[in-house]
Every structure is written in C-alpha cells, then in structure tokens.
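S.K.: pasted the sequence and its predicted model underneath.
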Amino acid sequence: MNGFDIVQATTAGGPGSTTEILNIFIFRTFGQGLFAQATTMSLVLFLMVALLAFPVIRFLRRRENVL
C-alpha cells in the first residue's frame, strides 16, 4: 500500500488501468473499515505474486549458473 499513491498519481492507474482493478478495490475496502476482508485480499494478492515469482527466480538462477 505504500507505493499505491505514487503509481496512481504518476500513471493514473498504469497502462490500460491495470493497477486499478485490485489495488483500488483493496484501498477502498480498507477505507470502508472492512479490515478483515481487505487483509484477506492483500494476502491473496501476495500469494499470487509469490507463486509467479518463485519459479521465475529459480529459472533465472539456473540460467545464471549455466552461463
């Protein structure tokens, strides 16, 4: 959430409003006082990013060892 305001102010939601879909929904949910729901959505977003990032990191490490 620390970087949300910078992205929103500089790019107005990124290319094709991609950052607006989930981040604004989470931001508004926190603002409405629905902390449990917003925290759960943030955790799901973190898990999705982690599931995508770890295979990429593993692949890049193997590629680096080959070179």
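M.R.: Yep, that arrived.
S.K.: average pLDDT across the helix or strand Ala9 falls within?
M.R.: According to DSSP states H and E, Ala9 maps onto helix 4-11. Helix 4-11 shows a mean pLDDT of 69 in the predicted model.
S.K.: again with stretch 46-55
M.R.: The predicted model gives stretch 46-55 an average pLDDT of 90.
S.K.: ok, back up a step: can you name the next helix or strand after the helix holding Ala9?
M.R.: Downstream of helix 4-11 (by DSSP H and E), the next one is helix 25-31.
S.K.: may I see the buried residues of that next one?
M.R.: When burial is assessed from 16 or more other Cβ atoms under 10 Å, helix 25-31 yields the following buried residues: Ile26, Phe27, Thr29, Phe30. From N, CA and C alone the C-beta is placed, and that goes for glycine too.
S.K.: so how far is Arg58 from Leu43?
M.R.: Noted for Leu43: a distance of 23 Å to Arg58, by Cβ to Cβ, to the nearest Å.
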